[in-house]
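Novice: next come a sequence and a model predicted from it.
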There are 4 protein chains.
Amino acid sequence: MSKIKVAIIGCGSIANASHIPSYLANPNAEIKYFCDIIKEKADKAVLDYSCGEAIEDYRIALNDPEIEAVSVCTPNDGHAAISINCLRAGKNVLCEKPAARTYAEALEMQKVQHETGRVLNIGVVNRFNTGVNLIKKLITNGELGEVYHVYVSFRSQRSIPGLGGAFTTKSIAGGGALIDWGVHFLDIVMYCLGDPLPMTVSGQTYSKLGLDIPDYSYINMWAGPPNYSGTYDVDDFVTALIRTEGPTISLNGAWAQNIGSEEMYIDLLGSKAGIRLQYGKGFKVYGAKDGVLLETTPTYKSDEMFQDEIDSFLECIRTGEKLASHIDTVILSSRIIQGIYDSSELNREIVYESAMEDAK
Amino acid sequence: MSKIKVAIIGCGSIANASHIPSYLANPNAEIKYFCDIIKEKADKAVLDYSCGEAIEDYRIALNDPEIEAVSVCTPNDGHAAISINCLRAGKNVLCEKPAARTYAEALEMQKVQHETGRVLNIGVVNRFNTGVNLIKKLITNGELGEVYHVYVSFRSQRSIPGLGGAFTTKSIAGGGALIDWGVHFLDIVMYCLGDPLPMTVSGQTYSKLGLDIPDYSYINMWAGPPNYSGTYDVDDFVTALIRTEGPTISLNGAWAQNIGSEEMYIDLLGSKAGIRLQYGKGFKVYGAKDGVLLETTPTYKSDEMFQDEIDSFLECIRTGEKLASHIDTVILSSRIIQGIYDSSELNREIVYESAMEDAK
Amino acid sequence: MSKIKVAIIGCGSIANASHIPSYLANPNAEIKYFCDIIKEKADKAVLDYSCGEAIEDYRIALNDPEIEAVSVCTPNDGHAAISINCLRAGKNVLCEKPAARTYAEALEMQKVQHETGRVLNIGVVNRFNTGVNLIKKLITNGELGEVYHVYVSFRSQRSIPGLGGAFTTKSIAGGGALIDWGVHFLDIVMYCLGDPLPMTVSGQTYSKLGLDIPDYSYINMWAGPPNYSGTYDVDDFVTALIRTEGPTISLNGAWAQNIGSEEMYIDLLGSKAGIRLQYGKGFKVYGAKDGVLLETTPTYKSDEMFQDEIDSFLECIRTGEKLASHIDTVILSSRIIQGIYDSSELNREIVYESAMEDAK
Amino acid sequence: MSKIKVAIIGCGSIANASHIPSYLANPNAEIKYFCDIIKEKADKAVLDYSCGEAIEDYRIALNDPEIEAVSVCTPNDGHAAISINCLRAGKNVLCEKPAARTYAEALEMQKVQHETGRVLNIGVVNRFNTGVNLIKKLITNGELGEVYHVYVSFRSQRSIPGLGGAFTTKSIAGGGALIDWGVHFLDIVMYCLGDPLPMTVSGQTYSKLGLDIPDYSYINMWAGPPNYSGTYDVDDFVTALIRTEGPTISLNGAWAQNIGSEEMYIDLLGSKAGIRLQYGKGFKVYGAKDGVLLETTPTYKSDEMFQDEIDSFLECIRTGEKLASHIDTVILSSRIIQGIYDSSELNREIVYESAMEDAK
């Protein structure tokens, strides 16, 4: 079987940290193009990985019939347009999270996926996380009883990424802490719960601590340093309450806050047992039996989730299998995130009157 | 000056733990009646404290012209009726929290207070807490900048009080974790923020872990042991999101949950600094200056808040001063709590169309 | 501007861990020689860093007119002789701490520096530490009020370095825990306090736990393993009390002791506030206001102090700026250390009758 | 055998907390007089303990031939004069610590004890502490090898007692933290080491945090509240270094300091093993064997040391046994404390030229 030819579109942090090494480690793939509108980044990738060709315009890859698979690793404003064009050109697409800046864009992506029949997976990589899958299995097997509420906390004291750059410019990123971090947390929740439809969403977002860029105190900055003359018009704090056909979900998230604790976890509250998952780490199960309260800490061998994501993407191009990270599932968290942003602007709860025929 | 004659109505845990010792320690008060519908409790109090007269019917105290002050320490279903009758009989009333089972009852209490002009304070004792008052001062002085969100957590793994008894019977208590614990936390928030009016309330309550009374596993039980043939129809978990004219407030509360951590705190998120208050303990202030993040832990001498509550009540009977724990302030948290219960039943957000003329 | 050519004299742990990588990271420097009397170490450096020439005799570098800067990274017995020869040859010198084995040697180094006018900095790298500089600023700004006492603790259960080797042989190292560790702690204190002159020194040193080399129990050994046939005649414990024109300083230090706690900190006791600095970590500020005791923990971005030390050294060769790590400041802690050793031998306090004209 | 008749002179905190209950619990003793120059205190004692007679002038007890034993529990300025008068009147005396305000006073007490042959014990109650005695035995048995240094820490953030009162007035108390707390710590050290003679003493005391009495922030105050118009002229911080014929001893002590940790311990550093004793609590032994470091925590049944002190005092009146708390042993720590105060005034070390014939 010949190798699948891949184009990497966007050669920034996430491409270099996850996509590229995973393709290189897969024997059935070969990177043909490294594309970036900042040509130096593409050139550097060719040099670093000793393979592929550096291009500035992704349409070169799009028009190359050899290319079967595309990883979209650009800032969020490129996600929908590039993915759609690639699908229409017959390519299979793995697009980084969030699917898009808005729910409308995500819906359009889904529509084109349905029309073209090509693969469109989103980089909700935690669906390939060993611990998350163990939790999903525990819930499915009824070990928690009825899960009635989920509390999601993704709060950090100082973690605004690339202050003044693409991450903090709404027209590029679509939003801040909620769309960048919240999407991961909400997607884990949706996945573990079996993707229940949202019924109401009430939320509020705040843009406070990054407003005065030169005055922002921080210790480290992902995708930094700050651009003092850049833009900051996204949320650094979000709170929300969501009713689904299943449990309610409440969340607090902060890219930055004046509270010192780092609290990154998901609490799944069940009638028989509950789980606290520390994001990116392990989890504990809490139950009770015969008057005894039980706390159980499972230890397990973790697969490399980014590798699994890439391997599964390449595999499903051949097999046609629909992955858990398919646009059809991710559309739900996109809808919720949009709901929170809308609710915040309206200062009232969003009610989803009808079922989501559009989304399923 | 002659001593103020006091009647204690309801001789259960809160009366014995707080009200009675505080009256005894005040040189200007004298307990004349201990009243309880379970006569043995009143008799025991007379014996224990070597003073007063034991009565079963509080109307004896009500009809005694010598009585100036009344502490209402009954289960919640007695709060409104007894307080109202006492006010109408010309007595000054300190009624334990929550003011009443419902907002309607609380409004009625407020109305009668306004008509009679007698004192009606509610036992929101944290308004007399040293740390809480330090926080209020920091906020008022602008040290936190704009407080934009408050997160409230009152979550315990196993703390349902008197399972099967008055605490867990809705017709008596009015509710569970929210009305019993939440009232304290919400009241601290309201107090520190200067009592901002609520605009929207969305919430959901759950009654799960206490349902099967004999199967409920626990380590200790306040007001226990369980009554296996009793009633359990109140909330053991609550989640809510509240918009006020000031900050938003989100909360999660649990009398019982299958998560092992005890998380009892209030986070006040400000644009300049933030505070985490550990309920009943101390607090930390988080700020930043010139690129340095600062965590400050104040240590201070705590006054005895229950004593201060009683002393202030007795004092204001003489002076006419309106205390921070007056029904006019407490009515706000009562409205919010009602809103959460209503929202939970309707599965949608409650919007307060008009201002609260009724309440202010 | 052409690059500054550098010679590294002594290619042991400190050269490889700090000096060499910092020179390589500075765009204005180029390492021309790696010198070590154990030729293999110099050869290895050439190989590891792909630059420079390996030499055994440092006089080759000394006689090369291209060399402007020298890092002296030999055992302590080489510090004075090599630094002096390099200064006389017109080189600028960064000599590792301690300046020398004895105060007399250090004075000689200072004298030659004054004669030649070349740079002579000592590797008291904490003067480039972000936290230490924050503390110095707080003291200078009067935030601590009058600093009246400083307590210095550098005590470890088992940390004798290279037992039986150069570190534990007095004729080579000049001393043990005091000269090797104490020099860092005392230098931080001197720096933060503005280098006050010592008035009296009383101290006692002990050589106990390393005496029986094969019997010495330990978990890890820096610069190990032990040389069972080597020498151990240096101090593993020291206690001292120093009066300065400013505060008193007391210290306890242990390379090894039969107490299990690792206590590495400096307490600065001020009349308005105090600071505990955990060596190599952060610090806490303790104050009080209006009856409230305040504990503040600053978090800050730490610059790489070794890099800063090298960068500043290279910079000051060009600019002539006198750094805080100049021999003229370090001479003070050298005098104190000598005083402690002398006091220990005499079993009585050393009194500095006259001012330190020699040293300033 | 008839009961020993006892007079309590001084009815303050230490009398009520320790002496009186211990006499009452001893079947061979009977309290005949409670004496206090504040008559109300003596009256209250008669009432509280339902025995004895209240007197204002201790000479009544002194002239009563029935009285055999006297407890001197006055402020420090009464210790020497009262003890001496009682000894001369033929009474046996247990005098609270410190023996006296100055070494000269203590020497005078010792002299009169020698002349009269009556018992004179000092309230160095830790000599009756179970843990302290276990440590003494370990040292005597050679388990620590050579004890070469002892570090003593008695440092608290805010513990000035009775600010503005007898404790903080030098003419009454003789000193502050050193004489009030240090005497206990030094006495434990002296006792465990077998009372070695001091050779040199260098120390410095500071009077800083209590100077501005109304501005002193604190949480609790022993023997409080503060007297705002009182005197504060004693040490709240002390540092010292002592050479003895045995080990060196260094100490830092604070009644108040701007450091938040409470560090109350004694480290005994031995060549074979070491001990950290937490004052008033337990101790740990640290050793090593065959490359393994050992930390041993003994748990033991603690006798009531105050009871043991009183019982032993009463017993030795009959038997003539010389107790470990005899003035002849306590004189040593009195000499050291005096040396520290003298050294602090002179800003130089005190050297004891000749042996202490006077003291032994």
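Specialist: That came through, no problem.

Novice: now the residue in the stretch 51-200 of chain A positioned nearest to chain B, what's its secondary structure?
Specialist: Closest contact between the stretch 51-200 of chain A and chain B, by C-beta to the nearest C-beta, is at A:Tyr148 (5.0 Å). The way it works is simple: take the backbone N, C-alpha and C, and place the C-beta from them, glycine included. Look at A:Tyr148: counting by DSSP: H, G, I helix; E, B strand; the rest coil, its state is strand.

Novice: for A:Gly174, what are its contacts?
Specialist: A:76-77, A:98, A:100-102 (C-beta atoms under 8 Å, 6 or more residues apart in numbering or on different chains).

Novice: how far away is it from A:Cys35?
Specialist: Applying C-beta to C-beta, to the nearest Å, the value for A:Gly174 to A:Cys35 is 22 Å.

Novice: tell me the residues of chain A that contact chain D?
Specialist: Nowhere does chain A come near chain D, counting by C-beta under 8 Å from any C-beta of the partner chain.

Novice: give me the neighbour count for the closest residue to chain C within the stretch 1-150 of chain A.
Specialist: Going by C-beta to the nearest C-beta, chain C is nearest to A:Leu47 of the stretch 1-150 of chain A, at 18.3 Å. Counted with other C-beta atoms under 10 Å in any protein chain shown, the neighbours of A:Leu47 add up to 10.

Novice: separation between it and chain B?
Specialist: 35 Å (C-beta to the nearest C-beta, to the nearest Å).

Novice: which outside residues touch the helix or strand where that residue lies?
Specialist: Assigned by DSSP states H and E, A:Leu47 falls within helix A:39-49. Identification of contacts with helix A:39-49 by C-beta under 8 Å, 6+ apart yields A:8, A:11-12, A:15-16, A:20, A:24, A:31, A:34-36, A:52-56.

Novice: can you tell me which two in those are farthest apart?
Specialist: A:Leu24 and A:Glu56 (22.2 Å; C-beta to C-beta).

Novice: of these two, who's got more company?
Specialist: Higher neighbour count among A:Leu24 and A:Glu56: A:Leu24, with 16 against 13, using other C-beta under 10 Å.

Novice: residue contacts, that one?
Specialist: So, once contact is read as C-beta under 8 Å, 6+ apart, A:Leu24 ends up touching A:31, A:49, A:51.

Novice: equivalent analysis for A:Thr74, please.
Specialist: Here A:Thr74 is in contact with A:9-10, A:12, A:82, A:96 (C-beta under 8 Å, 6+ apart).

Novice: switch the cut-off to 7 Å
Specialist: If you count contacts by C-beta atoms under 7 Å, 6 or more residues apart in numbering or on different chains, A:Thr74 has them with A:9-10, A:82.

Novice: check these against chain B, which are close?
Specialist: Near chain B, judged by C-beta under 7 Å from any C-beta of the partner chain, there are no entries from the contacts of A:Thr74.

Novice: quick one: which of these is nearest D:Asp342?
Specialist: Sorting these by how near they are to D:Asp342, with C-beta to C-beta, puts A:Gly10 at the top with 77.2 Å.

Novice: which pLDDT does the model give the closest one?
Specialist: A:Gly10 carries a pLDDT value of 97.

Novice: and it, how many neighbours?
Specialist: 25.

Novice: is it true that A:Tyr23 touches A:Ala29?
Specialist: Yes - contact criterion C-beta atoms under 7 Å: A:Tyr23 and A:Ala29 qualify, at 4.7 Å.

Novice: looking at those two, which is more packed in?
Specialist: A:Tyr23 (27 against 21).

Novice: what is the subsequent helix or strand relative to the biggest helix by length in chain A?
Specialist: In chain A, taking DSSP state H as the definition, the longest helix is helix A:327-346. Next helix or strand after helix A:327-346 toward the C-terminus (DSSP H and E): strand A:350-351.
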